[in-house]
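Chemist: the sequence and its predicted three-dimensional model are supplied below.
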Amino acid sequence: MAERICVGAIAGAFGVRGEVRLKSFTSEPSDIAAYGPLWSEDGKRSFTVRLTRPVTGGLGARLSGVETREQAEALKGVTLWADRDRLPALPDDEFYHTDLIGLSVYDTGGKPIGKVRAIYDHGAGDILEITGAGRRQVLLLPFTRAFVPTVDIAAGRIIADPPEEEQE
């Protein structure tokens with residue numbers, strides 16, 4: 001099976017003719033239609049996507065094989081995955097979230113801080129959730145050059161410079 005990356009999710013039905021409300025996780029939301037076919041997480045279903053219009057909370061779209069509102073509603077919550085080789089190459093200072101999750105994190109002195117467990121984006125920029133390495137609590141670290149000066153995907157590590165009180 002090809003390596004896949006989650007690029008969106010179906011938020012529910014839109015209208016009565018099988019159109020869905022699509023939430024895109026791509027940097028340019030409308031690009032989601034160019035990465036097809038898109039797959040369900042289990043890889044059992046694939047869809048071609050044709051965007052129809054912007055809608056509240058996402059994009060209106062037609063998915064291949066979805067003709068009725070009931071079929072569209074049954075897909076609510078399904079995540080959509082694109083084959084990684086269909087996605088564009090990124091500049092040196094940009095990363096796919098999936099490539100960061102699981103990386104070991106060290107402070108600037110080389111001491112282990114933990115591993116990246118998740119990445120959140122609440123609108124003001126990405127936040128790394130770092131756990132492990134004997135941490136008593138989760139460390140939430142802004143994913144900025146000031147706090148994360150080095151990301152080395154090939155070596156599987158991140159060098160971070162968290163505030164002093166957060167380094168425990």
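Modeler: Received the coordinates, thanks. Just so it is clear, the structure is predicted and the values come from calculations on it, not from any experiment. Numbering: from 1, shown residues only.
Chemist: output the contacting helices and strands for the helix or strand bottoming out on mean pLDDT in the chain.
Modeler: Least confident helix or strand, the chain: helix 97-100 with a mean of 88, by mean pLDDT, DSSP states H and E. Helix 97-100 sits against strand 112-121, with contacts defined as 3 or more Cβ pairs under 8 Å, 6 or more residues apart in numbering; DSSP states H and E. Yep, even glycine has a C-beta here, placed from its N, CA and C like the rest.
Chemist: in the longest helix along the chain, what counts as buried?
Modeler: As assigned by DSSP state H, the longest helix anywhere in the chain is helix 69-74. Neighbour-count burial for helix 69-74 flags Arg69, Ala72 (criterion: 16 or more other Cβ atoms under 10 Å).
Chemist: following it in sequence, what is the next regular element?
Modeler: Following helix 69-74 in sequence order, the next helix or strand is strand 79-83 (DSSP states H and E).
Chemist: and stretch 98-116, how far apart are its ends?
Modeler: 10 Å (Cα to Cα, to the nearest Å).
Chemist: and stretch 24-39, by the same measure?
Modeler: End-to-end distance for stretch 24-39, by Cα to Cα: 14 Å.
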